[in-house]
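**Student:** what's the 3D shape of this:
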Amino acid sequence: MPKIAEIERTPNPNAMRFVLKDPISQGITRSYENAEQAAKDPFASLLFEIESVISVYYVDNYVTVTQDGSSDWNELLRKLAPPIREAEPVGMLESDSDEVNASKEAMESDDPRLKQINQMLDEQVRPYLLADGGGLKVIGLVDNTLKVHYQGACGTCPTATSGTLYAIESMVRRIDPEIVVQSV
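**Tutor:** Numbers count the residues shown, from 1 in each chain. From the prediction side, this is the model:
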């Protein structure tokens, strides 16, 4: 059973990140934006049973829970801590997909720009988003529009759709100055 080492605020005032002493997943990232998406994940489903929870994101030693803003964090943390402390490590699930960081279309694309962009995101962006309790999925590159989807705490964070998106676009434009980044 994972023990909670720390509970950290994220840049998103409606999300908290739990740092665990032991991993709950072995390198598998899971991101759910509602209870229906999490239906085949017993751990995430437990967290969605708690009123106000709207998003669950976890990988290795990190669990990020986002609420709808209607609950006091002190009260909500008391409800979230027991299922997180009692969780067993989650192995492979029927619902697992390799589409966490990129959609199937993006992974199968033969556009060399997309491969460079994903590598750049893996090296320069995703580690920082993970540190803030979230992630980023590339949906695709159509013409010169790169569509991305924020996960976890980043999904509803006000800075994700402004500052972070602008920074990503600046980095991507080193690969191709014509690319525009759009959050979906």
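**Student:** same for the helix or strand where Ile139 lies, what does it pack against?
**Tutor:** Ile139 is located in strand 134-142, with elements delineated by DSSP states H and E. Packing contacts for strand 134-142, counted by 3 or more CB pairs under 8 Å, 6 or more residues apart in numbering; DSSP states H and E, involve strand 53-59, helix 104-108, helix 112-124, helix 126-131, strand 145-152. (Each C-beta comes from the backbone N, C-alpha and C, glycine too.)
**Student:** highest average neighbour count across the ones you listed?
**Tutor:** strand 53-59 (a mean of 25; mean count of other CB atoms under 10 Å).
**Student:** Would you give the sheet partners of that one, along with the direction of each?
**Tutor:** Taking DSSP bridges as the criterion, strand 53-59 pairs within the sheet with strand 30-32 (antiparallel), strand 62-67 (antiparallel).
**Student:** what separates the longest one from the chain centre, distance-wise?
**Tutor:** Put simply, strand 62-67 sits 9 Å off its chain's centre (CA atoms, centre = their mean, to the nearest Å).
**Student:** got the contact list for Gly69?
**Tutor:** 13-14, 52 (CB atoms under 8 Å, 6 or more residues apart in numbering).
**Student:** do that again at 7 Å, thanks
**Tutor:** Neighbouring residues of Gly69 by CB atoms under 7 Å, 6 or more residues apart in numbering: Asn14.
**Student:** which SS class is it?
**Tutor:** Secondary structure for Gly69, judged by DSSP: H, G, I helix; E, B strand; the rest coil, is coil.
**Student:** Quick one: distance of the helix or strand bottoming out on mean pLDDT in the chain to the chain centre.
**Tutor:** Lowest by mean pLDDT, DSSP states H and E among the helices and strands of the chain is helix 104-108, with a mean of 82. Computed by CA atoms, centre = their mean, the chain-centroid distance of helix 104-108 equals 19 Å.
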